[in-house]
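Peer 1: Mind folding the following:
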Amino acid sequence: MTQTSSSRKTRFIAESASMLLLALALSYVESLIPISTLIPLPGFKPGLANIVTVVAFYRLSPLAAALISVSRVAISSLLFSGVTTIAFSLSGAVLSFLVLLICSKLFKDKIGFVGLSVLMALFHNIGQLLCAAAVIGNSSLFYYFPALGIAALLCGCITGAVLTAIPNKIYFGKVS
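Peer 2: Predicted structure coming up:
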């Protein structure tokens, strides 16, 4: 059965909205986890919502994934963190997304989800540190990067393992 253009658009919008809601739910779950007792790094989160960004990137489109990511950052910052965190979260999300975009083009079959997730987590942290350094006018915050790098490595491995466990049909059953 062939779908009409209208039904394809409706399905695309419905899937995009569902993915945004799932990303927001994962952000909410992260806000409930007392991660600072396990990893005492101010502002650190495991990045579970990035799982949705990667799935949306491959299933829907890079543009849809970018819009879902930016919307999730804005909404979750307002709901769970506060207005002041939007710039920090957004700068990390933008760099992380750029890594996803570059890796999908340059290293398409050469990097797995674990490597991709680790790189995305590292660059998310770099984006946040760049934003914080710009806000306070001091680059001394980069001494904090080795600790963030280790945390990004650990959490990137976890999110990458989750992405690897998701069946290919989820990613490549594109909405057309």
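
Peer 1: so who does the residue positioned nearest the centre of the chain touch?
Peer 2: Nearest residue to the geometric centre of the chain (C-alpha atoms, centre = their mean): residue 50, 2.7 Å. By C-beta atoms under 8 Å, 6 or more residues apart in numbering, the contact list for residue 50 reads 96, 117, 120-121, 124, 159. (Glycine included, C-beta is placed from N, CA and C.)

Peer 1: Of those residues - the most surrounded one?
Peer 2: The most neighbours of any of the contacts of residue 50, using other C-beta atoms under 10 Å, belong to residue 117, which has 30 neighbours.

Peer 1: Show me which residues of the host helix or strand of that residue are buried.
Peer 2: Applying DSSP states H and E as the criterion places residue 117 in helix 113-136. By neighbour count on 16 or more other C-beta atoms under 10 Å, the buried set for helix 113-136 is 113-114, 116-132.

Peer 1: Determine the set of other helices and strands touching that helix.
Peer 2: Judged by 3 or more C-beta pairs under 8 Å, 6 or more residues apart in numbering; DSSP states H and E, helix 113-136 is in contact with helix 50-59, helix 85-106, helix 145-165.
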